[in-house]
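*Asks:* turn this into a structure:
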Amino acid sequence: MCGYIFVSSRDQKIRPIDSKSLNHRGPDFTEEINLGWCGFRHWRLSIQDLTSCSNQPYSRGNDYLIYNGEIYDYYNLGLFHFSEKFDSDTQLLFHTLKNRAFDLIRKESGFYSFVFVNEKQKQIFAARDYFGKKPLYYYFDNDLLIVASEDTAVRNIAREYGKSVGLNAASIVNYLRYKDLHYGLTFHEGVLELPPGSTFDFNFEKWQFSASSTWEEYYCSKPFYKEEITYKNLSEDSTAKLKQSLINSIEKRFAADVPIQLALSGGVDSTLVAMVANNKKKEFERTLTVSSSSRPSELIKSEVTCEKFHLSQKVIDFDGIDVLDMLGKCISAQGGPLSHPHALAVFALTREAANNGKVLVTGEGADELLYGYDHYKNNDSTFAFLEHIVPSNYFDMKSSKKKYSLHDFPLNKYLENNDYRDLDVKTHLLSLLRRNDRVSMQNSVEVRSAFLDYKLFQFVFRQQEKGSLSRGKDALVKIIQDSYPDYKVDENKIGFYIPFDEWFEAHGKKDLLVIKYIGNAKKFFKFNFGWMLKNSVDVKGKLAWALLNIGLFLELDGEFK
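*Replies:* Numbers count the residues shown, from 1 in each chain. Have a look, this model is predicted:
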């Protein structure tokens, strides 16, 4: 939901912000404010309170708010904490910030990224939610601060102010190795990501930027849901309370003043969401799924669920989609190479969802919540910092002519305070949420993750700690089968399957454009590092995915030389 750009220049010469910069994130309303020492623009995607009362920048007196997110239970929270009735979550958030009471709501159900501006004191306060569902990128040096919802917007604004923000070659190597970026890095030098759950303050008069935590501290810290729990009733919860907690989390994602749709794979997670909606008498506008002849069983499961709960379904056939064209659209939306082909499914689902609404509910987060991934069974592996491609296995690096800076990822250091699941929440899940945000917002659709709820994670952890909840998603299956006895788990199901490998072998590797883009990637590594792809290497599978993504990104970014 929504997007924003904030700029502060030490010389107080603020340039106008292009109204089209982030229009895809909020096509319903946009406005810019220039205060001399800073300027900011907000783009609104109207979902709760469709009136102009909640348009942004939202201001009262000398304070302004630009905000991207949702606080689901804003009405009751306003009554409980302030004995006031608020018409939207924007109004509630503004009120808490103006009264320095943000801690009262920062752990409530929802997600957020925002900048709060105090004109009189020439200060700002910004924050990002604990999961990192919504992004916050920034650039800061001795005369310029930029904060925005997308890293490419930060880069573009920095260049307008004469900053040389070039391609970060080390990030390309990090992507090749780990299929992702860590430590807040982006694909452009000087553009950084604020860690989830963090805040920062900025004082214009002192020209001082101060963040509450570093990425090292973020990885090493105790996960937010393992912090001291102050809710008295948690110690008395039973299995029945687990069911109710799950249902509450899902139901909150139905709060909207516009139609909502469901991404339904037919797996355990999305089936539970469909069941809760059916029991709640909440009607989805429709469900959406993807299909491929490579895995026909994926579609069968979702069809059975739709029949059970009387849901209409739109099927997106990936056999008929131009994979290369969609890959380019996704890379442009993401602002860099993609970590996984599933991004194509998110793009296709949200593009279709935009035809009938603005909200798409998904089952994201259930595997992290309940140790659902297979590699958790023996507690001996993790997605986090996993070296996906070892460059020396594919490239001749003997003639390497240039050193590159790579962060060392010592797992033991981070596991001192976290188990494997906890570390994946801070890395792999964060990667999925970045993907969801950028790809969905490119289509002006908000993705809501039904299981990513602060209080639900706290509650489940306490049950796991007490030994009353075992690892795995058996609890979800039991809840479904209590109302849907015929439901059977497909052990081979992997969600929205995208047949990239099949496409590449049958079509991609013969396509002249694909050959060109992979050639771009090869030239990049040769030019920058002196790496040459070994003659014995067959470009396929994960290597083909990585090189094609890199080469196409370099082409689209205009940085390839």
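*Asks:* so where's the chain uncertain?
*Replies:* Filtered on pLDDT under 70, the chain yields the residue ranges 229-239, 297-298, 399-407, 492-493, 559-561.
*Asks:* for the residue nearest the centre of the chain, what are its contacts?
*Replies:* Taking CA atoms, centre = their mean as the criterion, Leu433 is the residue nearest the geometric centre of the chain, at 2.0 Å. Leu433 makes contact with 131-133, 364, 449, 452, according to CB atoms under 8 Å, 6 or more residues apart in numbering. C-beta: built from backbone N, CA, C; applies to glycine.
*Asks:* same deal with Glu205?
*Replies:* Going by CB under 8 Å, 6+ apart, Glu205 touches Lys122.
*Asks:* let's have the contacts of Leu433 in a markdown table, adding neighbour count, distance to Glu251 and secondary structure.
*Replies:* As requested, the contacts of Leu433 are arranged in a markdown table below (neighbours: other CB atoms under 10 Å; distance: CB to CB, whole Å; DSSP: H, G, I helix; E, B strand; the rest coil):
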| residue | neighbour count | distance to Glu251 | secondary structure |
| --- | --- | --- | --- |
| Phe131 | 24 | 19 | coil |
| Gly132 | 26 | 23 | coil |
| Lys133 | 27 | 18 | coil |
| Glu364 | 24 | 16 | coil |
| Ser449 | 22 | 14 | strand |
| Leu452 | 27 | 14 | coil |
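*Asks:* closest one of those to Ser198?
*Replies:* Closest approach between these and Ser198, by CB to CB: Gly132, at 9.4 Å.
*Asks:* how close does the closest one sit to Tyr175?
*Replies:* For Gly132, the distance to Tyr175 equals 18 Å [CB to CB, to the nearest Å].
*Asks:* and if you look at Glu555?
*Replies:* Going from Glu555 to Tyr175 by CB to CB gives 16 Å.
*Asks:* more crowded one of the two?
*Replies:* Legend: neighbour count by other CB atoms under 10 Å for Glu555 and Tyr175, higher for Tyr175 (23 against 17).
*Asks:* contacting residues for the closest residue in space to that one that isn't next to it in sequence?
*Replies:* Excluding the flanking residues, the one nearest Tyr175 by CB to CB, 6 or more residues apart in numbering is Pro337, at 5.3 Å. By CB under 8 Å, 6+ apart, the contact set of Pro337 is 172, 175, 187, 331, 546, 549-550, 552-553.
*Asks:* top of these by neighbour count?
*Replies:* Ranked by the number of neighbours (other CB under 10 Å), the contacts of Pro337 place Phe553 first, at 28 neighbours.
*Asks:* surely that one touches Ser171?
*Replies:* No - applying CB atoms under 8 Å, one finds Phe553 not in contact with Ser171, separated by 10.7 Å.
*Asks:* so who does the nearest residue to Leu194 once chain neighbours are set aside touch?
*Replies:* Closest residue to Leu194 apart from its sequence neighbours, by CB to CB, 6+ apart: Leu136 at 4.4 Å. By CB under 8 Å, 6+ apart, the contact list for Leu136 reads 113, 126-128, 147, 149, 193-194.
*Asks:* can you give me the distance of Leu136 to Glu32?
*Replies:* Look at Leu136 and Glu32: by CB to CB, they are 19 Å apart.
*Asks:* using PDB, list the CA coordinates for stretch 275-282.
*Replies:* Extracted C-alpha coordinates of stretch 275-282, given in PDB (Å, rounded to 0.1, in the frame of the first residue of the first chain):
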ATOM      1  CA  MET A 275     -11.800 -22.100   5.200                       C
ATOM      2  CA  VAL A 276     -11.600 -19.300   7.700                       C
ATOM      3  CA  ALA A 277     -13.200 -16.900   5.200                       C
ATOM      4  CA  ASN A 278     -16.000 -19.400   4.500                       C
ATOM      5  CA  ASN A 279     -16.700 -19.800   8.200                       C
ATOM      6  CA  LYS A 280     -16.600 -16.100   8.700                       C
ATOM      7  CA  LYS A 281     -19.000 -15.600   5.800                       C
ATOM      8  CA  LYS A 282     -16.400 -13.400   4.200                       C
END
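*Asks:* could I get the contacts of Leu433 as a markdown table with distance to Asn62?
*Replies:* Output for those, formatted as a markdown table (distance: CB to CB, whole Å):
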| residue | distance to Asn62 |
| --- | --- |
| Phe131 | 32 |
| Gly132 | 30 |
| Lys133 | 30 |
| Glu364 | 39 |
| Ser449 | 36 |
| Leu452 | 35 |
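*Asks:* can you give me the buried ones in stretch 416-434?
*Replies:* Neighbour-count burial for stretch 416-434 flags 418, 420-434 (criterion: 16 or more other CB atoms under 10 Å).
*Asks:* between these, which is closest to Arg41?
*Replies:* Distances from Arg41 to the buried residues of stretch 416-434, taken by CB to CB, are shortest for Arg434, at 22.2 Å.
*Asks:* pretty sure the closest one contacts Lys133?
*Replies:* No - Arg434 is beyond contact range of Lys133, at 9.4 Å (criterion: CB under 8 Å).
*Asks:* can you tell me the element the residue nearest to the centre of the chain falls in?
*Replies:* Using DSSP states H and E, Leu433 maps to helix 428-442.
*Asks:* now, which of the contacts of Leu136 lie within strands?
*Replies:* 113, 126-128, 147, 193 (DSSP state E).
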